[in-house]
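**Student:** turn this into a model:
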Amino acid sequence: MTGLRRSLMATALFAGVAAIGQTPALAETAPASTGPAAQIEAHRHGEAWMTPSQLVDGRIAFLKAELKITPAQEVQWQQFAAAMRQNAQSLDQVIATARQHRGTASNAVDQMEMRAEFAKVRADNAARLAGAFRPVYASLSPEQQQTANALMRHEGRHHGWHHRA
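**Tutor:** The predicted structure follows:
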């Protein structure tokens, strides 16, 4: 895959994923066939977004394909994938809580507390993902590590791999 094509695919995937978790109102359920570009357009028209758990398997498949995970690396990879799924579930929970409170009158303190909760979940997710990725990275060939480094640099603009998965 060319660098430009990889960048465009990654940007499309990350755009749909990056919006989830930013604001509780963005986490409504959408049909599974809705792609990232359609998700962005739907949001502009007040329609629903997919949840992190609905997106995580596609994200895992994308990273696995880009990194060219070998059968010998599969055990480490599955542990990393499990961490990504756990992160998605954590985000789903905090989003569901925010959605429940969205219809009720909230004040500035409530809103700040919800933002703090989102920040805590994201920080916990980042720590979990870093710990799970360490053994995967150690098992990668130099070429695979270069790909991982490039993907992470690109995702740094989107708050890292942990951001929505």
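**Student:** show the pLDDT at Ser7.
**Tutor:** Ser7 is assigned a pLDDT of 43 by the prediction.
**Student:** correction: the previous question concerned Gly103.
**Tutor:** For Gly103, the pLDDT comes out at 68.
**Student:** cool, the one 3 residues further on as well?
**Tutor:** The predicted structure scores Ser106 at 76 on the pLDDT scale.
**Student:** contact partners for it?
**Tutor:** Neighbouring residues of Ser106 by CB atoms under 8 Å, 6 or more residues apart in numbering: Met114. (C-beta placed from N, C-alpha, C; glycine too.)
**Student:** so is it in a helix, a strand, or just coil?
**Tutor:** Following DSSP: H, G, I helix; E, B strand; the rest coil, we place Ser106 in the coil state.
**Student:** distance-wise, check it relative to Ala98.
**Tutor:** Relative to Ala98, Ser106 is positioned 10 Å away (CB to CB, to the nearest Å).
**Student:** now do Gln111
**Tutor:** For Gln111, the distance to Ala98 equals 10 Å [CB to CB].
**Student:** more neighbours: those two, which one.
**Tutor:** Relative neighbour count places Ala98 above the other of Gln111 and Ala98, with 21 against 13, counting by other CB atoms under 10 Å.
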